[in-house]
Every structure is written in C-alpha cells, then in structure tokens.
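> mind folding the following:
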Amino acid sequence: MDTTISPMYKLSIHEHPLLPSAMFIDGKCDGCQVIGLMYGSYYCNEANCYSWFHKDCAESPLEINHHPSHPEHPLLLTKMAPEERGTPCDFCGQEIFSTCYNCPTCKFKVDLICGTKPSPSVIEHPVCHDHTLVFLKKRVEEEKAPCEVCKESIDGPSYSCLECNNVYFHLDCVNLSKEVDHPCHSIHPLIKIMPSESLIDDDDDAQKSCSLCFVQPKNVLYRCSICNFTLCLGCTKRPPPLVVDDAKTHTHPVTLFPSKIKFTCKVAGIEIDSFSYICLKCGFIVSVYCVGLPRLININRHDHRIAFTHHLGHKGANCGVCRKSVRQYYGAYSCSICPKYVVHSRCAANYSAWNGVELEGIPETSEDIVPFKVVGDNLIRHCMHEKHILLLLKDYYMVGDDYKRVRCEACVSPIGFGPVYSCQECRFFLHEKCAHLPMKKNLVFSPKPYVLEYQGKAVYCNLCRLFSGGFKYTNQERWAYSFVDVHCSSISEPFVHNGHLHPLYFVETKEKRPCDACRGFRDGYMLNCSACDFDLCFYCATLPIKLWHISDEHPLTLYYGRRQKATRQNWCEVCEMELDSSKWFFTCFDCGVALHDKCVLGDFSRLTPNYSIHFRGKEYLVILNNLNSRPSCRSCHDRCKAPVILQVNDEHNGYICSNSCLYRVI
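Here you go, the predicted model:
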C-alpha cells in the first residue's frame, strides 16, 4: 500500500495548516459559508477544529486589485475578529461570519464570494427577463419579495428590473440555462424544471430528490425524463470529478460511473444505491461517500487507534459501533492491540464518533490522565484537593449519623465501607475508585473527549435525568450531553450488569422506549441488548448494587424483578405502598425488608447536603430528610419520603421531594 502522507499547506484563509482531501463532504465551507457537497476540498487536521473549505475558497488570492466595487484600493484577505462577525458585506449586504476581503484604508469589507466572484452590477441581456436588470443589496427592512423564476422568497441580494414594478430575481436564477450537460449524466442533457411547471408531481415513479446529494430541491431542479434522473441546482454547479487519484481509496485512479446503480461498496461492505467510482482493471467499486476515508483515526468508543484495511480477513466479527456483522472480504477499521475489535468504515468515519483528525504520520503519545501524584506510602495529592494530602484508609467503615452526613466528594454517595482516601485536615473524602477517575475520558456522547471538573455546583445530567453535585465530566459542545456525572460516565461497552444475562450496548433513540427495570419511558441514550430486546435507562444502570439504609441493620441489595425469587414482603417499608415485583427495588434477603428505589435514594441523592442549587431563578438548599416528622412537599403536598430533599429559599419557603415537583414550583 502507498504510505505517502499528503503535504500540509499553510494558507492565509485559516490559522492552522490545511490538508487536501478526496472525501465527499456534505457540509458548510468555512470560507464562503455555502452549504452543500464538497469534493477535492481542504480540511483542518487540528483536533476539534472541523473546518472544511472548497478548493477555490482555500486558494483564494491574498490580494485583489481593482475590485469593481472598490477599485481605488487593494482588498486584502482577512480573518474577521470575533467582535466584527455579523457585519454586513459592503457589496451584497449579507452578514459576514468568517473570512473576508478588507480595505485597510477605508474599512471596506466584502465576503469571499463577492471578493473573488462579484456579481455584475448590470445584466443587459438576462436569460430570465426581457429587460435590463440591476444588482440590489440585501434589503434589511423591506418584506421579502418572491423571485420571478423560482417563486421562492428572496432573503439576500437580488436583481431587479427598473422598468417593471416589484420584479426581483435570485442571483442564482438570473442566468439559469434551460438545459445543462453534466458529467454524472453525460448521455442526455438535463432540462430545467420550475415549480410552476410541476412536470413530475403527478408521476409517482419520478425521481424527485437529487440523485447525487439526495436532497429534494425546493425550487429549481434539472431532470432527464428519459432516464428518471434529477439534480438540484447546487449539484449542477459543482459536479464531482470524473477521475479521483487517491492512494487512500485505491492503488489506481478510479473513474466516475455516471449512472445510479445498486452495488456492494468495496470500502463499506454494504449494498448501496448511488453513484460510484470504479477501477475496471481491478474490478474495484466504491461509493462516492467512501472515497478518501482516513487511514488511521481515533473514535470515542475505543481507547486505541484504529486503522483502515481493504480486506478484513476474518469472519464472525461485529461492528463496535452498530453491533451488526462486518463482512470479511470488504473494507473496515480494526485495532492492532485488540484483535477482535472492528468497525464498519461508515460507522468509524461518522462525525458522531470520529473527531475528524487523520492520525497517519502523527506519532502516538501517552497523555498523563492520572488525577493525582503519589507523595508517600498510601498518600496522594489529588488535583481536585491540592491544598492537603489524602491518606488511604483501606478498611474504612462508617455507620449511624456519620454515614448519612459524610459523602464522597466525587460521586456524592455516602461513605459506607471499603477503601477511601481521607483528608486529615478537613472532611474531604474520596472512594478509592473515585480518586482514580481519569482527567480525560472518551465517551460515546461526543467525538470530543470529556474533561474531569469539580465546579462546586450542581448540574443536570441528561442521561440519568438527575441533578448531580461532586465531580463531573464536561465537554465544550453546547448540547444535551455537555455535562455527564461520574455515575453515567463510568458505563462503558460492553456493559455487564447482574440484572441481565447478556452484555448491553449504547443505543440512541428519538422515540420514547420503556426501560425494563423501572418501566419508565425514555428517549436519547439507553443501554440495549438486541438479542433480548432489553432496554435499560441510565438511572437504573447506575443504581448501586448494595447500600446502607436506616430501615435495616444489614446492607440492602438491588433486586432485579422477576429474574430473582421474590420476597414475601409486598409493601415498601418507607412509603407503605405496594411494590411491583416486575420492577427493580431494594431488599434485605435476611430480614425481608423491601423498598422502592426512589424511597431509598430519591431524585436528589447525588446532591451534597447543605449545598445550594439554583433552578429557574430560585435558590434551593439541599437537606437531609431527618426531621422529627416528614415535611409536606410544597408542590404535590405529600409527605417527603426520600432521604435527601430540597428546601425552597423564597418568601413561601417549604420543601420539594422530587424532580417532577421541582419543575412544577411556581
């Protein structure tokens, strides 16, 4: 295999070096901000940058002289400062968010497209209209007018006819050809079809979406009615290359096959109905979306690098992402350290798992992620408590009031029994396993690594649906899983739980599915066994197997519903309500005591007592429910049963017993 590494280019359009890529990317160019398919583009290989550029945008000239909109001074290619982003282009009026051309003398700015490909100020003989058209900037305050060609509203610069009232045209619609020749369909010309013509609306078999990018055009489309072939306007302007010469894809150049066919991609190992590139000499065929895949990458579901191979060579392997079988005679990614770990090409190079960095030619370094330094026998200095040294107590045992009050600073669970690290100068405790939590961790919820933090405030974990204090893993992305508590972050694949016979794997679902432990409906991430159709939510997956409770002198054990022999006790010791033996709950097999999991733990068990949290403009104090009588909840008016509750700090005061009640507080 050719191991030549692509050269890096330091181009002025971006702060990091850029690499050429043969990949077909459906995204936004960071130069011109146009969204669509990009071929033969440039990309940034810096971690967490995710910048892609059209080839012509990346190679934009550093200086433009005699620009039609500003001929008196040269315009210089400039990266906009954050405080300047959103200022309008002085040529077209559209907002600029990235690179622009700037006049240092006059502060005149134009965006990348207006700088390199400015629209003419006057079109004397337009294709779409009988009169001369003039260029208009984006109108800020006026209502959006429809385009005379495609009938879609105009939100940006346009062309207008001075002889006709209220006649406007999109810049892209002014010179639309009635037919085009396209390399993806060279045997026939493609005919322009407008929405008003509706030539294919009544034909159920007609190809209404673009045959290349699979998006259904909203306004203009080009079509060959003989071959049932359709392209959107964007794909007619940027056709894919006829030949791709990329060593990562194949040893020989591959040629575009300009017909949509059903085939098995040699790189992905799956059957695809799309365009392809072929090598007749080798009988090699690859989907356009598998061209140029990286050779060496990291994904968030595995701790080692994985490398692409054109021939997996062994059968019976399941994909480490989707869990489906990987075909042995096709391309896949595999791990040299873990021989059985393989991933489908498409699953590995998906941006939900891959951080976008090609690791070929980059030496592997071992990053120090240990959160403490050993300073003596059984003595450490932890990064979250650097002012004092922690001592390891190997056989620590705590009961009574101390058990309820003293908690691990990381997981906020009570310090019960087992080895713990203790500060001899203040009441700072860490379970031994919590002291070893790594500073960085790959989690399946983001392609970027998570960082361990101790902010001293509670956050809401969207996985277990609980407020969590203590340590947490954070991610720079602003999405639902930016914060993950240490309980949910401890789950990795395959997840082995005593409550199920088979290993469980992460699955993300948009529809609500019932958890087989609590019967509650959840969407988002769950743990699943596809063989048994078994689902487990993160709240139930992170329930402790054993714990102490004031109701019994023995440790309570998590009971897994019908899979174990049911106790004769059918009533919860705390709330005195009947237990559903099909749900998980806690029990003492010595005494027969049984309790609901919510009565043992509650929704605020991961919050540190005597700490305050802020939610929807109100302050709440976390307290232990150890008053002489159980207080009444301000929201549901029932007696608070959970061991940890919230006290409302406002003019009405009162207590809150659960998350659902917290959301109903006025």
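
> mind showing which ranges of the stretch 351-500 of the chain have poor pLDDT?
Of all residues in the stretch 351-500 of the chain, those with pLDDT under 70 make up the ranges 397-405, 478-479.

> start to end distance for stretch 113-123?
Counting by Cα to Cα, to the nearest Å, you get 18 Å between the two ends of stretch 113-123.

> which residue ranges of the stretch 401-550 of the chain form strands?
417-423, 429-431, 440-441, 450-453, 459-461, 466-468, 472-474, 483-485, 505-514, 521-529, 534-536, 546-549 (DSSP state E, counting those that start in this stretch).

> actually the stretch 151-300 of the chain, not the one I typed
Under DSSP E, counting those that start in this stretch, the stretch 151-300 of the chain gives strands at 158-161, 168-169, 179-182, 185-193, 221-224, 229-232, 243-244, 254-264, 271-279, 284-287, 296-297.

> okay, now the unreliable bits of the stretch 151-300 of the chain?
195-205.

> if we use 90, what do you get?
Residue ranges of the stretch 151-300 of the chain with pLDDT under 90: 151-156, 162, 165-166, 170-187, 191-242, 256-262, 270-276, 288-289.

> residue 62 contacts residue 75, doesn't it?
No. Taking contacts as Cβ atoms under 8 Å, residue 62 lies outside contact range of residue 75: 10.0 Å. All C-beta spots, glycine's among them, are computed from the backbone N, C-alpha and C.

> which one's more surrounded, those two?
residue 75 (25 against 13; other Cβ atoms under 10 Å).

> pull the contacting residues for that one.
63-64, 67, 101-103, 108, 110, 115 (Cβ atoms under 8 Å, 6 or more residues apart in numbering).

> so what's it bridging to?
residue 64 (DSSP bridges).

> and the closest residue to residue 208 other than its chain neighbours, how far is that from residue 289?
Excluding its sequence neighbours, the residue lying closest to residue 208 (Cβ to Cβ, 6 or more residues apart in numbering) is residue 216, at 5.6 Å. In this structure, residue 216 and residue 289 are 18 Å apart, going by Cβ to Cβ, to the nearest Å.

> equivalent analysis for residue 19, please.
Distance from residue 19 to residue 289, by Cβ to Cβ: 19 Å.

> swap in residue 608?
49 Å.

> same question, residue 244
Distance of residue 244 to residue 289, computed by Cβ to Cβ: 13 Å.

> let's see which of the contacts of residue 75 end up in helices.
residue 115 (DSSP state H).

> give me the buried subset of the contacts of residue 75.
By neighbour count, with 16 or more other Cβ atoms under 10 Å, the contacts of residue 75 hold 64, 67, 101-103, 108, 110, 115 as buried.

> could you dump the strands of the stretch 151-300 of the chain to JSON lines with distance to residue 29 and mean neighbour count?
As requested, the strands of the stretch 151-300 of the chain are arranged in JSON lines below (distance: least, Cβ to Cβ, whole Å; neighbours: other Cβ atoms under 10 Å):
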{"stretch": "strand 158-161", "distance to residue 29": "22", "mean neighbour count": "23"}
{"stretch": "strand 168-169", "distance to residue 29": "24", "mean neighbour count": "23"}
{"stretch": "strand 179-182", "distance to residue 29": "21", "mean neighbour count": "16"}
{"stretch": "strand 185-193", "distance to residue 29": "24", "mean neighbour count": "17"}
{"stretch": "strand 221-224", "distance to residue 29": "22", "mean neighbour count": "23"}
{"stretch": "strand 229-232", "distance to residue 29": "17", "mean neighbour count": "24"}
{"stretch": "strand 243-244", "distance to residue 29": "20", "mean neighbour count": "15"}
{"stretch": "strand 254-264", "distance to residue 29": "22", "mean neighbour count": "15"}
{"stretch": "strand 271-279", "distance to residue 29": "21", "mean neighbour count": "17"}
{"stretch": "strand 284-287", "distance to residue 29": "22", "mean neighbour count": "21"}
{"stretch": "strand 296-297", "distance to residue 29": "23", "mean neighbour count": "19"}
